[in-house]
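for reference, the sequence and a predicted model appear below.
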Amino acid sequence: MIKNISNLGDAALYCDFGKEVNKDINTQVIKYFKTIQKKNIAGVNNITPSYNKLIISFDLKKINFNKLKKVIDNIEIIKGDSIQNKKFEIPVCCEKEFSLDIKRLEEKLKMKEEKIYEIFFEKEFFCYMTGFIAGMPFLGDLDENLRAKRLDTPRVKVPKGSIGLTEQFANIYTFESPGGWNIIGNTPLNIFDSTKEKEPNLINPGDLVTFKRITKEKYQNYHE
Amino acid sequence: MNKNYFEIIRAGINSTFQDLGRNNLYHIGIPFSGAMDNRNYLLANKLTGNNHNDPVIEFAYQGPHLKYHGDKINIAITGDVSFKIKKSDNPIDGECYQSFILENGDELDIISTNKSVYGYLAISGTFDLKFQWSSCSTNTKAKIGSNNGEKLSDNQKINVKEINNNFVNGKLNYVNTKIENIRVIKGTNFNYFSEEGKKIFFKNEFKVSKLSDRMGMRLEGKKIENIVDTNIRSEGLIKGVIQVPADGNPIIMLSDHGTIGGYPKIGVVVSADYDKLVQLTPGSKVKFQEVDLNSAETLFKLYDLETQNLISQI
């Protein structure tokens, strides 16, 4: 449930679901997101779910903070609308040219490369949200032994398809972008396709994701 | 067959097609985009008799140099811009907020914006563009929007789909003013910063850095000290949010911003000041001034009334 609603500037509601981050809280956030989306409230421009927050931005010409807060305070969450969990297996190549930060991680985590990959590839991840750049999935939770901070200085260009780790999450760079996550491999799979307007994202909040290691040869000959 | 088109002799620094932007896509990571300076965008369309949401060309600093081929067409430029119109060997200085007629073979040379960043070129009619999610707005980072998500390039052609017959003889007396005090509402992480840091934010001057584009504006000044955590759990952003990363220098989110971010939010620029904010050139000095939500809403009403008033004068 929403614990508190405050204003983010003059044209957005900041809905706080509490300090904790886990699947249950995030599922609540997504349920609110879907309910509000279906309601088609006049003036609402964008609804952004994240781990434990929901930000609703609006057109100040059509509605204001107090009016929209009243609507959200009294909203009834659609029941029985369970979130569909699609499952994906993402192929990842971990050759040197793709695993840009594996040495850094070996050092920070005090763990051998083989062990890092072993733990990483065993895990099933949950997609908490998508964004930052188009279609980028934020996947959790990373094994506690694999948690490291962002790079001290973010890269200006992280290659498309890079798999990054930071803190309790993994992500996939859907296109070349600046970024500070620890890169451990690269997928040949296209995660975002802007020509598919209805569903440009391969992975959506609530989906389950595993990664599968592939050889360089397979990577180079990969067809979707 | 497109018999009416513009030939791009020089594309300019960052010339893109823009309109009102896209809604309801933040949750998949696609930002709002759209014209940075909304008022000047709307005025450009009104001056050429277009719909208020028609595509225009937005340019930054140096605009495009175009040669027109086709039937008579009206154009208008808004912002604070120097440009020339060349009819045969006889170039004339153009004026902003006034419509001009271009005929076959005429050239339009948008030389530069003055003490501002963005200007707008509208034509009386529609460009032949591909829309994505009901908007032409080009987001060059995500490669979304018209022109394959790219900025305009030299020697390219821009086709005109249709010329409207509303030959408005539009003219408006309007002068853009430069903002010095940016009004902000305290952000959701305002208390992450030390008393000294908060004081610096509201009392000191900040300089707009060169590292500013359609995604964000970086500012330089006295370091704003964080006493809680230099990272927050990633959460949604909106345009106008001022984040302060570990280096203590504020970054303001602009129209093509990342939809999610993990730096503490010290404040949010009020909607009324957004158009003027984006026009600040690198090196400009600004101060932040605190306002509450009620005042921000009133300021926006005034801003919107003024915009509507200007539109109705055309």
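Cool, the structure landed.

wait, doesn't residue A:85 sit right on residue A:207?
Yes - between residue A:85 and residue A:207 there is a contact under Cβ atoms under 8 Å: 6.1 Å. Just so you know, the C-beta spots here come from the backbone N, C-alpha and C atoms, and that holds for glycine as well.

is residue A:212 in a helix, a strand, or coil?
For residue A:212, the assignment made with DSSP: H, G, I helix; E, B strand; the rest coil gives strand.

so it makes contact with residue A:92?
Yes - with contact defined as Cβ under 8 Å, residue A:212 reaches residue A:92; the gap is 6.8 Å.

if we can go back for a sec, residue A:85 and residue A:207 - which one has more neighbours?
Between residue A:85 and residue A:207, residue A:207 has the larger neighbour count (other Cβ atoms under 10 Å in any protein chain shown), namely 20 against 11.

which regions of the chain sit below the pLDDT cut-off?
Just going to use chain A. For chain A, applying pLDDT under 70 flags the ranges A:80-83.

meant chain B, my bad for not saying
B:1-2.

break it into its domains for me.
Per automatic domain parsing, the domain ranges recorded for chain B read B:5-163, B:181-312.

for residue A:170, find the nearest of those.
Closest of the domains of chain B to residue A:170 is domain B:181-312, at 13.0 Å (criterion: Cβ to Cβ).

now find how far off-centre that closest one is within its chain.
The chain centroid and the centroid of domain B:181-312 are separated by 16 Å, computed with Cα atoms, centre = their mean, to the nearest Å.

near chain A at all, it?
Yes - contact between domain B:181-312 and chain A, assessed by Cβ under 8 Å from any Cβ of the partner chain, occurs at B:185, B:187-188, B:231, B:233-238, B:240-241, B:258-261, B:265, B:268-271, B:293, B:296-297, B:300, B:304.

narrow those to those that are buried.
Buried members of the residues of domain B:181-312 next to chain A, scored by 16 or more other Cβ atoms under 10 Å in any protein chain shown, are B:185, B:187-188, B:233-238, B:240-241, B:258-261, B:265, B:268-271, B:293, B:296-297, B:300.

what strand or helix carries residue A:126?
For residue A:126, the host element (DSSP states H and E) is strand A:125-130.

ok, that strand: who's next to it in the sheet?
strand A:137-140 (antiparallel), strand A:208-214 (antiparallel) (DSSP bridges).

scan chain A for its longest helix.
Using DSSP state H to define each element, chain A has its longest helix at helix A:23-39.

quick one: that one to chain centroid distance?
15 Å.

does it reach chain B?
Yes - counting by Cβ under 8 Å from any Cβ, chain B has neighbours in helix A:23-39: A:33, A:37.

and the helices in the stretch 101-250 of chain B, which stretches?
For the stretch 101-250 of chain B, applying DSSP state H, counting those that start in this stretch gives helices covering B:195-203.

what residues are up against residue 113?
Using chain A here. Listed by Cβ atoms under 8 Å, 6 or more residues apart in numbering or on different chains, the contact set of residue A:113 reads A:102, A:106.

should've been chain B
Here residue B:113 is in contact with B:59, B:60, B:61, B:62, B:63, B:79, B:80, B:81, B:82, B:119 (Cβ under 8 Å, 6+ apart).

against chain A, how distant is the third one?
Separation of residue B:61 from chain A (Cβ to the nearest Cβ, to the nearest Å) stands at 22 Å.

same question for the fourth one.
With the distance defined as Cβ to the nearest Cβ, residue B:62 ends up 24 Å from chain A.

that residue contacts residue B:81, correct?
No - between residue B:62 and residue B:81 no contact is recorded; they are 10.2 Å apart, counting by Cβ under 8 Å.

between the two, which contacts overlap?
B:110, B:111, B:112, B:113.

just checking, residue A:145 touches residue A:122?
No - judged on Cβ under 8 Å, residue A:145 makes no contact with residue A:122 at a distance of 11.7 Å.

count residues in the vicinity of residue B:87, would you?
Neighbour tally, residue B:87, other Cβ under 10 Å: 14.

over to residue A:99?
Applying other Cβ under 10 Å, we find 22 residues neighbouring residue A:99.

got it, and residue B:212?
Neighbour tally, residue B:212, other Cβ under 10 Å: 20.

that one contacts residue B:282, doesn't it?
Yes - at 6.3 Å, residue B:212 and residue B:282 qualify as touching, with contact defined as Cβ under 8 Å.

and residue A:66, that's in a helix?
Yes - counting by three-state DSSP, residue A:66 is located in a helix.

on that earlier part again, buried subset of the contacts of residue B:113?
By 16+ other Cβ under 10 Å, those give B:59, B:60, B:62, B:63, B:79, B:80, B:81, B:82, B:119 as buried.

can you tell me how far the residue nearest to the second one when sequence neighbours are not counted is from residue B:136?
When you say that, I think you mean residue B:60. In space, and not counting its chain neighbours, residue B:60 is closest to residue B:14: 4.3 Å by Cβ to Cβ, 6 or more residues apart in numbering or on different chains. In this view, residue B:14 and residue B:136 are 16 Å apart by Cβ to Cβ, to the nearest Å.

who has more neighbours, those two?
Using other Cβ under 10 Å as the criterion, residue B:14 and residue B:136 rank with residue B:136 on top: 26 against 19.

and for residue A:85, nearest residue in space, chain neighbours not counted?
residue A:208 (5.3 Å).

residues contacting the one you found?
Counted by Cβ under 8 Å, 6+ apart, residue A:208 has contacts A:85, A:86, A:87, A:88, A:124, A:125, A:126, A:127.

need the contact list for the last one.
By that I understand residue A:127. A:137, A:138, A:139, A:203, A:204, A:205, A:206, A:207, A:208, A:209.

out of the residues you listed, the closest to chain B would be?
residue A:138 (6.6 Å; Cβ to the nearest Cβ).

for chain A, what's its nearest residue on the stretch 101-250 of chain B.
Taking Cβ to the nearest Cβ, the stretch 101-250 of chain B has residue B:236 as its residue nearest chain A, at 3.1 Å.

now, the buried ones among the residues of domain B:181-312 next to chain A that are in strands?
Members of these lying in strands (criterion: DSSP state E): B:185, B:235, B:236, B:241, B:260, B:261, B:265, B:268, B:269.

the spatially most central residue of chain B: which element?
Geometric centre of chain B, nearest residue: residue B:36, 1.9 Å, by Cα atoms, centre = their mean. For residue B:36, there is no enclosing helix or strand under DSSP H and E.
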